[in-house]
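Visitor: Attaching a predicted model along with its sequence, questions to come.
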Amino acid sequence: MASIIGAKPLARPSTMFRQSAAEERRLMMASTTTGRTSKTAAFVPRAQAQRPRPVARAVAAQQSAPKHIDVRIDAPTKGTFKSRYGDNEKRKGADVLVECLEREGVDLVFAYPGGASMEIHQALTRSNSIRNILCRHEQGEIFAAEGYAKVTGKTAVCIATSGPGATNLVTGLADAMLDSVPMVAITGQVPRPMIGTDGFQETPIVEITRQITKHNYLVTDLNDLPRIMREAFLLANTGRPGPVLVDVPKDIQQQLTVPEFDVDLKLSGYLSRLPPACASPMVIQQIIQAMTTSERPMLYIGGGTLDAHEEIKELVELTGIPVAQTLMGLGAFPVGTPKSMDMLGMHGTVVANYSIDKSDLLLAIGVRFDDRVTGKLEKFATRARIVHIDIDPAEINKNKEAHMPVCADCKPTVKAINDAIKAQDVKVDYSKWQEELDGVRNEYPMSYPQPGGEIIQPQHAIQVLHELTEGKAIISTGVGQHQMFAAQWYHFAEPRNWVTSGGLGSMGFGLPSAIGAQVARPDDLVVDIDGDGSFVMNIQELATLTAENIPVKCMILNNQHLGMVVQWEDRFYKANRAHTYLGVDGEYHVTGEEADIFPDFVTVAEGFRVPAKRVTRKSDLKAAIQEMIDTPGPYLLDVMVPHQEHVLPMIPGGGSFADIITSGSGHDSY
């Protein structure tokens with residue numbers, strides 16, 4: 001199969017011209033607590049307001065939500081929460097904020113103190129129910145919050161100070177936005193009179209994060225804080241989940257008040273635009289009709305189906321429709337089982353990409369047709385009628401036109417399909433299609449080179465880890481080759497055991513997100529499969545492991561290079577190395593001398609009081625991984641692997657299934 005060079009670069013987004021930042025902040029202070037809209041205006045979250053509107057037919061058949069003006073939606077602990085303050089006892093705004101978190105059921109936050117947020121930290125010390133995990137960098141804390149949310153589905157909370165503390169959250173907010181992670185990020189801000197004066201550690205974080213949050217608030221009236229916090233949590237975990245930022249000036253934190261927590265919410269615009277929980281009976285019947293007339297149907301499922309995994313499994317049992325999963329959807333259906341074609345997309349299996357290419361009906365559920373899945377859009381699923389089920393109306397017809405767009409929640413909609421199939425005793429037979437796919441899978445199985453000797457292939461290391469953990473560990477990753485190898489070779493049988501940065505591809509994600517996953521699920525084994533380039537970007541979080549006694553295991557696949565970029569250099573740039581070697585003078589892969597390994601992660605880990613070991617021989621690998629698993633507390637295992645290994649299969653950027661690459665490595669010339 002032929003290969004092509006990558007896609008054309010994406011066009012830069014248009015720039016929105018407006019007043020100076022200082023002038024806009026002054027206008028913002030003069031308006032409302034949201035910092036943007038008037039108190040009487042309908043509320044529309046920033047992301048929803050700026051995303052393209054769906055076509056009318058995607059909403060017309062589905063829209064049934066009633067209109068709202070002011071509504072009362074109680075916090076989860078309503079009726080059971082007991083405040084530590086008297087009914088008429090005054091307390092600081094920071095204590096009001098912490099009580100808002102307690103009323104939302106929050107028992108854990110990721111927070112790093114600073115001048116503009118220290119009042120919040122003082123208030124946290126007065127809480128009897130909230131634990132703080134003190135990560136060593138604000139990016140570490142927000143990635144940890146993502147890890148917490150990804151393995152639980154709950155809304156995570158992180159807190160940072162103003163200025164550089166707030167801006168250090170920006171990458172994590174963008175990451176959470178793209179991966180639909182429910183999160184409330186709280187930032188301290190300079191006192192209200194100083195806003196717009198370029199004061200010490202002042203940044204306009206509301207303006208900075210407008211495009212990368214579901215919504216954000218600047219609190220200008222302490223009396224509005226309970227309402228804003230209730231709204232923030234509601235926004236974060238309803239509809240398509242996402243991050244919400246709340247910016248709290250320091251004088252608001254210090255002000256005394258007797259708060260009113262039972263307040264009406266001002267979310268009329270947002271609530272009126274939420275899609276119905278389930279598709280209508282007419283739409284359900286149309287989907288079933290499409291199934292009965294199809295000969296080669298496929299389920300294409302993504303991160304939106306993680307909480308619908310039981311319904312997806314029942315649908316497959318009832319119909320026998322094969323399943324392909326996105327990177328974010330791994331575990332929503334058991335990988336490695338007969339009906340699973342495993343991951344599709346740029347580094348998906350041949351059979352998964354073949355199945356989409358040849359299907360005549362594509363049931364796309366909880367997905368967004370992103371470029372790493374589709375490649376060249378006009379060549380993707382060209383033979384199929386497309387049914388697109390997603391809770392976010394902005395995703396319907398955004399990238400790929402759907403023949404049957406369904407804007408609704410995946411879980412109740414798939415359940416309704418299953419119920420209708422059983423009630424109508426629908427019978428379908430796709431056995432010939434399954435046989436065809438089994439033949440392709442047998443012809444193009446997942447494999448990798450076996451060089452012999454003591455060389456440790458990265459795929460083999462992950463297979464051994466999967467064997468020793470019986471596939472039950474929670475796996476986090478950084479971003480790069482190791483991430484794709486983990487997705488391909490660690491087969492997930494359950495949802496929410498896979499923690500990775502999908503849409504944004506943030507290096508440095510692995511270790512801090514593993515911290516969040518571990519404290520969320522303390523009884524589970526959590527392993528960060530990382531690359532040497534990605535791991536070093538947040539290596540300071542080894543200190544968090546020791547200080548907080550968090551037993552995360554770090555398995556570094558160390559090839560001394562930026563492996564994924566090297567792979568593209570090999571394939572498309574005649575192996576010209578452009579700043580992708582991460583070592584120093586002597587190259588370990590040339591000399592074979594451990595003294596030439598740089599950096600020395602074992603020594604670094606020991607400096608953070610984390611037990612560590614290096615393995616360079618294949619014959620020692622299994623025992624080393626077992627020792628890592630068995631050692632109480634945190635552990636780091638540095639696994640030396642070759643940098644010439646490529647992640648295959650591979651569909652080059654902008655290519656299609658016809659361009660899939662299934663062989664070759666850095667030892668070859670292209």
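Guide: In hand now; what should we look at? Residues are numbered from 1 along each chain as shown.
Visitor: With P249 as the reference, measure out to G375.
Guide: Separation of G375 from P249 (Cβ to Cβ, to the nearest Å) stands at 47 Å. Every residue, glycine included, has its C-beta placed from N, CA and C.
Visitor: what residue ranges in the stretch 401-550 of the chain are flagged as low confidence?
Guide: Of all residues in the stretch 401-550 of the chain, none has pLDDT under 70.
Visitor: how about the helices in it?
Guide: Taking DSSP state H, counting those that start in this stretch as the criterion, the stretch 401-550 of the chain carries its helices at 410-424, 431-443, 458-469, 481-489, 510-520, 532-535, 542-548.
Visitor: who does the fourth one touch, helix- and strand-wise?
Guide: For helix 481-489, the helices and strands in contact under the criterion 3 or more Cβ pairs under 8 Å, 6 or more residues apart in numbering; DSSP states H and E are strand 340-343, helix 458-469, strand 474-477, strand 526-531, strand 553-558, helix 563-572.
Visitor: Chain neighbours aside, what residue packs nearest to F657?
Guide: Nearest residue to F657, sequence neighbours excluded (Cβ to Cβ, 6 or more residues apart in numbering): D357, at 4.3 Å.
Visitor: quick one: contacts for the one you found?
Guide: 381-383, 656-657 (Cβ atoms under 8 Å, 6 or more residues apart in numbering).
Visitor: Surely G471 and A493 touch.
Guide: Yes: with contacts counted by Cβ atoms under 8 Å, G471 reaches A493, the gap being 5.7 Å.
Visitor: and those two? which has more neighbours close in?
Guide: With neighbours defined as other Cβ atoms under 10 Å, G471 and A493 compare such that G471 has more, 18 against 15.
Visitor: Find the least confident helix or strand in the protein, judged by mean pLDDT.
Guide: In the chain, no helix or strand scores lower on mean pLDDT, DSSP states H and E than helix 56-60, which sits at a mean of 35.
Visitor: Low-confidence bits of the stretch 551-670 of the chain, can you list those?
Guide: Short version for the stretch 551-670 of the chain, where the test is pLDDT under 70: none.
Visitor: before we move on, the earlier item: could the helices and strands packed on helix 481-489 be laid out in JSON lines, adding distance to V258 and mean neighbour count?
Guide: As requested, the helices and strands packed on helix 481-489 are arranged in JSON lines below (distance: least, Cβ to Cβ, whole Å; neighbours: other Cβ atoms under 10 Å):
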{"stretch": "strand 340-343", "distance to V258": "54", "mean neighbour count": "23"}
{"stretch": "helix 458-469", "distance to V258": "52", "mean neighbour count": "20"}
{"stretch": "strand 474-477", "distance to V258": "43", "mean neighbour count": "29"}
{"stretch": "strand 526-531", "distance to V258": "43", "mean neighbour count": "30"}
{"stretch": "strand 553-558", "distance to V258": "48", "mean neighbour count": "28"}
{"stretch": "helix 563-572", "distance to V258": "56", "mean neighbour count": "21"}
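Visitor: Which one, of these, ends up nearest to V219?
Guide: strand 474-477 (33.1 Å; Cβ to Cβ).
Visitor: From the contact counts, what lies against that closest one?
Guide: Here strand 474-477 touches helix 481-489, strand 498-499, helix 510-520, strand 526-531, going by 3+ Cβ pairs under 8 Å, 6+ apart.
Visitor: if you compare the helices of the stretch 401-550 of the chain, which one is most tucked away?
Guide: helix 510-520 (a mean of 30; mean count of other Cβ atoms under 10 Å).
Visitor: May I have that helix as CSV, with CA atoms only?
Guide: Coordinates of each C-alpha in helix 510-520 appear next as CSV, following Å, rounded to 0.1, in the frame of the first residue of the first chain:
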residue,chain,number,x,y,z
GLY,A,510,1.3,11.1,32.0
LEU,A,511,2.7,11.4,35.5
PRO,A,512,0.4,14.1,36.9
SER,A,513,-2.7,12.5,35.4
ALA,A,514,-1.7,9.2,37.0
ILE,A,515,-1.6,11.1,40.4
GLY,A,516,-5.1,12.2,39.9
ALA,A,517,-6.2,8.7,38.9
GLN,A,518,-4.5,7.1,41.8
VAL,A,519,-6.0,9.4,44.5
ALA,A,520,-9.4,9.0,42.9
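Visitor: now it, how far from the chain's geometric center?
Guide: On the basis of Cα atoms, centre = their mean, to the nearest Å, helix 510-520 sits 13 Å off its chain's mean C-alpha point.
Visitor: Helix 481-489 and that helix, what's the angle between them?
Guide: 50 degrees (axes from the mean of the first three to the mean of the last three Cα atoms, to 10 degrees).
Visitor: Q286 sits in which helix or strand?
Guide: Using DSSP states H and E, Q286 falls within helix 281-292.
Visitor: ok, residues contacting that helix?
Guide: By Cβ under 8 Å, 6+ apart, the residues outside helix 281-292 that reach it are 61-62, 279, 297, 319, 321, 361, 363, 385, 387, 404, 406, 413, 416-417, 420-421, 424, 426, 428.
Visitor: Drop anything exposed from those residues.
Guide: Burial by neighbour count, judged by 16 or more other Cβ atoms under 10 Å, picks out 61-62, 279, 297, 319, 321, 361, 363, 385, 387, 404, 406, 413, 416-417, 421, 428 from those.
Visitor: show me what contacts the residue most central in space within the chain?
Guide: Closest to where the C-alpha atoms of the chain average out (Cα atoms, centre = their mean) is D179, at 3.7 Å. For D179, the contacting residues are 146, 150, 303, 328, 501-504, by Cβ under 8 Å, 6+ apart.
Visitor: Noted, bye for now.
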